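J.: curious how this folds, go ahead:
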Amino acid sequence: MINTPGINATTYGAAAPTRVQLLSQLNDLAAADVDLAAVQWVCHPAMAVKLYSVTDAASRPIYDGATMLGLPVKVSSNCPATKVIA
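T.: Take a look at the predicted model:
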């Protein structure tokens with residue numbers, strides 16, 4: 001799935017991604033003419049825990065356990081622990 005056209009998987013390593021990095025993933029999809037209303041995030045449970053620490057410019061969390069940046073999030077141990085897929 002990760003190497004499928006239209007799938008945007010970014011490796012972040014041990015650190016949580018920043019809001020800007022996640023928005024860049026969405027921007028890449030928009031530039032590829034992907035319908036952003038149909039996009040879902042996928043991440044490993046360990047990455048989901050890290051995502052709770054990511055905030056917007058007003059220090060509000062961007063991940064609430066169900067959505068991130070307004071899009072649904074699916075958490076799966078089948079996703080590599082260092083990737084966030086959109």
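
J.: CA atoms for contacts and neighbours, from now on please.
T.: Noted.

J.: all strands of the chain, in order?
T.: 9-11, 41-43, 67-68, 71-75, 83-85 (DSSP state E).

J.: between those, which gets nearest to residue 19?
T.: Closest approach to residue 19 among these (CA to CA): strand 67-68, 9.9 Å.

J.: how far off centre is the closest one?
T.: Distance of strand 67-68 from the chain centroid (CA atoms, centre = their mean, to the nearest Å) equals 8 Å.

J.: ok, which of the strands of the chain comes nearest residue 24?
T.: Closest of those to residue 24 is strand 9-11, at 10.1 Å (criterion: CA to CA).

J.: who does that closest one pair up with?
T.: Partners of strand 9-11 in the sheet, by DSSP bridges, are strand 83-85 (antiparallel).

J.: got the contact list for the partner strand?
T.: Residues outside strand 83-85 that contact it (CA atoms under 8 Å, 6 or more residues apart in numbering) are 2, 7-13, 41-44, 47.

J.: where do the helices sit along the chain?
T.: Under the criterion DSSP state H, the chain contains helices at 19-31, 45-51.

J.: highest average neighbour count across the ones you listed?
T.: Highest mean neighbour count among these (mean count of other CA atoms under 10 Å): helix 45-51, with a mean of 19.
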